[in-house]
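In: sequence and predicted structure, then a few things I'm wondering about:
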Amino acid sequence: MRIQDLAQLSTRMFKTNPLRTWLTILGMGVGTGAVVVLVGLGFGLQQIILEQIVFGETLLSLGVSSTGAQGLSLTPETVVEFEKNPAVLDAAPLARFPALITYKGLTGNVFVQGVEPPYLRYAGVTATEGTVFEEADAGDTNSIMISPATLKLFGIADEDVKAFIGQKVTLKLLVPADDGTDNVNEIVIDKEYIVRGVTKEQGVLNVMMMLPELRNYVGIEEYERIQVRVDSNQNLPIVEAKLIEDGYRVTALSKTVEQASKIFQGIQVVLATFGGIALIVSAIGMFNTMTVTLLERTKEIGIMRTIGASPNDVKYLFVSESVVVGFLGGVTGILMGVVLGLSVNLLLNIVAGQFGGQSVKLFSFPFNFLAFITIFSAAVGYLTGIFPARRASTLNPLDAIRYE
C-alpha cells in the first residue's frame with residue numbers, strides 16, 4: 001500500500017465518525033494535559049528555587065572557612081597561599097566585625113562585612129533592590145549594602161524596601177580589646193553611609209562595605225571566610241579535596257545545586273506518576289475505541305483483503321489510525337496544559353503585583369519536555385492500536401465479509 005493511500009485511509013475516520021474520533025482525541029488530551037501540567041509545576045518550582053542561585057563563577061568557587069583545628073586561621077598570607085595553586089584563579093576574603101547601626105535614632109546590632117567585588121561574584125551575592133558593588137566600586141568609601149533582616153530592625157516593611165535605597169545610616173564597630181579580656185572597644189565611624197542596595201540574604205543581620213574602607217578603621221589580621229575561584233569544573237573537586245586535607249571547612253554551591261536538582265527530579269517523577277494515572281485511563285478509553293472500530297469495520301476489512309490488501313496493509317492501517325489519534329491527543333493535551341499553566345502564572349503575577357510581591361513562574365514548560373510528550377503520546381497511540389491491528393490482520397477474508 002502506498003504511503004499516500006495509507007495516510008488518506010488512516011484519516012478517513014474524521015469523516016465517517018468525527019464525533020467519536022474527536023472525543024477520543026479529547027480524552028487522550030485530558031490525560032496528556034494532566035501530565036504536562038503536573039510536570040510543568042515541578043519544572044516551575046525547580047526554576048523558582050534555582051533562580052535564587054547565581055550561576056557562572058558562583059558554581060566554580062569554593063567557600064573556605066577555618067575549623068579551628070590545628071591552629072588554622074584565614075590570614076592575608078592564607079590568601080596568597082591559596083592563589084599559588086595553579087588551578088586557582090583568585091581568592092577573595094571576607095572580614096567580619098560586630099557593630100551597631102543607627103538610623104533616625106534607632107540602633108541595632110549587626111555584623112559589618114568587609115568584602116571586595118570579586119567576593120560578591122564568587123559567593124553569588126545579589127540585590128533585591130538597588131545595586132551591588134562592582135569592580136569600579138572597589139574604592140567606594142561612602143556606600144554600603146544591607147540585608148533584609150537589618151531593615152526589620154528599623155520597622156521597614158517589604159513594600160518600603162525600594163524607598164530605603166539612598167537613605168543614610170551610621171556605624172559603630174565593636175572590636176575585642178587587645179588586653180586578653182572580654183572587653184570590647186567601640187570604634188565610632190564619624191560619617192554617614194548611603195545605602196546602595198539590599199541583598200537577598202535572608203535571616204542575617206549584615207552590612208557590607210568595601211574591604212579597604214573597613215581597614216581604614218580597624219586592623220584586619222584574620223578573615224572570616226575566603227571564596228576560592230577555581231579555573232575549571234574538572235579541577236573543582238581536586239582543589240576541594242586539597243583544602244579539606246589541609247584542615248579547612250569547604251562548601252561548594254555546585255553540590256547544593258546538584259542535590260536540589262535531584263530532589264526536584266524526584267518531585268517531577270511523583271507528579272508525573274499522578275498525571276500518568278489519568279493518561280492510562282485515557283489510553284484504556286482509546287483502546288476500547290479502536291476495538292469497537294475493528295468490530296464495526298470487519299466487513300470492510302474482508303472486502304479489502306479480497307481485492308488484494310495484504311495482512312500487513314490492514315495492520316499498518318489500524319496502527320497508523322491509532323498513532324494519528326495518539327499524536328493529536330498529545331498535541332491537544334500540550335495545548336490544554338500550557339494554556340492552563342500560563343493562565344495560572346498570569347493570574348498569580350497580577351495578584352502579586354497588586355499586593356506588592358514579586359512575579360513568579362509557577363509553571364514552566366521546556367521545549368524538550370513538550371517534544372518528548374508529543375512523541376510519547378504517539379507511542380501510547382501505537383501501543384493501544386497494535387493489538388486491534390494484529391487481530392484485524394489475522395481475520396479470515398470470507399468470514400469477515402459475512403460478518404454482520
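Out: Now that the structure is in, tell me what you want to look at. Numbering: from 1, shown residues only.
In: any idea how far the host helix or strand of residue 278 is from the chain center?
Out: Assigned by DSSP states H and E, residue 278 falls within helix 253-296. For helix 253-296, the separation from the chain centroid amounts to 20 Å (computed by CA atoms, centre = their mean, to the nearest Å).
In: tell me what that helix is packed against?
Out: helix 18-50, helix 311-354, helix 367-393 (3 or more CB pairs under 8 Å, 6 or more residues apart in numbering; DSSP states H and E). (Each C-beta comes from the backbone N, C-alpha and C, glycine too.)
In: contacts for the helix or strand harbouring residue 239, please.
Out: When elements are assigned from DSSP H and E, residue 239 belongs to helix 236-245. Applying CB atoms under 8 Å, 6 or more residues apart in numbering, the set of residues contacting helix 236-245 from outside is 60, 62, 64, 85, 87-88, 228, 230, 250, 252, 254.
In: from those residues, which is closest to residue 103?
Out: If you rank the contacts of helix 236-245 by distance to residue 103 using CB to CB, residue 64 comes first, at 33.4 Å.
In: sec struct for that closest one, please.
Out: Remark: residue 64 carries the secondary structure label strand [criterion: DSSP: H, G, I helix; E, B strand; the rest coil].
In: tell me the centre residue of this structure?
Out: The geometric centre of the chain, computed from its C-alpha atoms, lies nearest to residue 47 (CA atoms, centre = their mean), at 2.2 Å.
In: could you check how far the residue lying closest to that residue once chain neighbours are set aside is from residue 347?
Out: Computed as CB to CB, 6 or more residues apart in numbering, the closest residue to residue 47 that is not its neighbour in sequence is residue 364, at 5.0 Å. Per CB to CB, to the nearest Å, residue 364 is found 16 Å from residue 347.
In: those two: which is more packed in?
Out: Each of residue 364 and residue 347 had its neighbours counted (other CB atoms under 10 Å), and the higher figure belongs to residue 364 (18 against 11).
In: now that one, what's its secondary structure?
Out: Of the three states, residue 364 takes coil under three-state DSSP.
In: for it, grab phi and psi.
Out: When read as degrees, to the nearest 10, the backbone of residue 364 gives phi -130, psi 140.
In: could you do residue 224 as well?
Out: The main-chain torsion angles of residue 224 are listed as degrees, to the nearest 10 and equal phi -80, psi -40.
In: hmm, residue 65 and it touching each other?
Out: Yes: proximity of residue 224 to residue 65 meets the contact threshold set by CB atoms under 8 Å, at 7.1 Å.
In: give the residues shared as contacts by these two.
Out: Common neighbours of residue 224 and residue 65 are listed as residue 74 (criterion: CB under 8 Å, 6+ apart).
In: host element of residue 198?
Out: Residue 198 is part of strand 193-199, with elements assigned from DSSP H and E.
In: can you check residue 232 too?
Out: Using DSSP H and E, no element contains residue 232; it sits outside every helix and strand.
In: so who does it touch?
Out: Contacts for residue 232 were tallied using CB under 8 Å, 6+ apart; they are 60, 87.
In: one more time with 10 Å, if that's ok
Out: Contacts for residue 232 (CB atoms under 10 Å, 6 or more residues apart in numbering) come out as 60, 87, 89, 238-239.
In: what do you get for residue 269?
Out: Listed by CB under 10 Å, 6+ apart, the contact partners of residue 269 are 39, 42, 276.
In: what do you get for residue 111?
Out: With contact taken as CB under 10 Å, 6+ apart, residue 111 is in contact with 96-99, 101, 147, 150, 174, 204-208, 224.
In: so what's it bridging to?
Out: Listed by DSSP bridges, the beta-bridge partners for residue 111 are residue 98, residue 206.
In: could you measure it against residue 147, distance?
Out: With distances taken as CB to CB, residue 111 is found 9 Å from residue 147.
In: quickly list what's touching both of the two.
Out: For the pair residue 111 and residue 147, residues contacting each of them under the criterion CB under 10 Å, 6+ apart are 204-208.
In: one step back: are any of the contacts of helix 236-245 buried, and which?
Out: When burial is judged by neighbour count using 16 or more other CB atoms under 10 Å, the buried members of the contacts of helix 236-245 are 60, 62, 64, 85, 88, 228, 230, 250, 252, 254.
In: quick one: which two of those residues are the most distant?
Out: 85 and 254 (17.9 Å).
In: quick check: residue 273 vs residue 178, distance?
Out: In this view, residue 273 and residue 178 are 64 Å apart by CB to CB.
In: then residue 217?
Out: Residue 217 sits at a distance of 15 Å from residue 178 (criterion: CB to CB).
In: ok, now residue 112?
Out: Per CB to CB, residue 112 is found 19 Å from residue 178.
In: residue 217 and residue 178: which has the busier surroundings?
Out: Between residue 217 and residue 178, residue 217 has the larger neighbour count (other CB under 10 Å), namely 17 against 9.
In: my guess is residue 214 contacts residue 173, does it?
Out: Yes: here residue 214 reaches residue 173: they are 8.3 Å apart, a contact under CB atoms under 10 Å.
In: so which of those two has more stuff around it?
Out: residue 214 (21 against 18).
In: quick one: mean pLDDT for stretch 323-332?
Out: On average, the pLDDT along stretch 323-332 is 88.
In: do the same with stretch 130-148
Out: 91.
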